[in-house]
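**Q** task: produce atomic coordinates for the following.
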Amino acid sequence: PMRKNRKVRKSVDMTIYTLRNMVERCFNKLKNSRRLANRYNKTADSFLGFVDVACIRLWLRHSST
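**A** Numbering: from 1, shown residues only. Here you go, the predicted model:
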């Protein structure tokens, strides 16, 4: 959303904004894992495997609350 003091208003689709915000928050939570943020894995397969593990951990934390 825009600031209140902006001269020219642009319309914002709130559904797209909400989905974008959710995706950005997910990436932020994934980057909290140091191994993902620094990309310690050498191959793409092992990196994507750890992305899967990190996503499962986030999903389990979310589903338990």
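
**Q** when you work out contacts or count neighbours from here on, use the C-alpha atoms and nothing else.
**A** OK.

**Q** so where is this protein shaky, pLDDT-wise?
**A** Within the chain, the stretches with pLDDT under 70 are 1, 65.

**Q** all helices for this protein, in order.
**A** 14-31, 34-38, 44-64 (DSSP state H).

**Q** neighbours of residue 54, just the number please.
**A** 19 (other CA atoms under 10 Å).

**Q** what's the spacing between it and residue 44?
**A** 15 Å (CA to CA, to the nearest Å).

**Q** same question, residue 50
**A** Residue 50 is 10 Å from residue 44, by CA to CA.

**Q** the two: who's more crowded?
**A** Legend: neighbour count by other CA under 10 Å for residue 50 and residue 44, higher for residue 50 (17 against 10).

**Q** ok, now which ones touch that one?
**A** For residue 50, the contact set (CA atoms under 8 Å, 6 or more residues apart in numbering) comprises residue 36.

**Q** just to revisit the earlier point, export the helices of the chain to a markdown table and tack on distance to residue 4?
**A** Converted to a markdown table, the helices of the chain look like this (distance: least, CA to CA, whole Å):
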| stretch | distance to residue 4 |
| --- | --- |
| helix 14-31 | 16 |
| helix 34-38 | 35 |
| helix 44-64 | 34 |
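
**Q** out of those helices, nearest to residue 7?
**A** The minimum distance between residue 7 and the helices of the chain falls on helix 14-31, with 20.2 Å, by CA to CA.

**Q** might you report the residue contacts of residue 37?
**A** 30-31.

**Q** also the one 10 residues further on?
**A** Under the criterion of CA under 8 Å, 6+ apart, the contact partners of residue 47 comprise 36, 39, 41.

**Q** rerun that using 6 Å as the cut-off
**A** With contact set as CA atoms under 6 Å, 6 or more residues apart in numbering, residue 47 has these partners: residue 41.

**Q** how close does it sit to residue 41?
**A** 5 Å.

**Q** try residue 33
**A** From residue 33 to residue 41 the distance is 13 Å (CA to CA).

**Q** swap in residue 20?
**A** From residue 20 to residue 41 the distance is 28 Å (CA to CA).

**Q** can you check residue 8 too?
**A** From residue 8 to residue 41 the distance is 47 Å (CA to CA).
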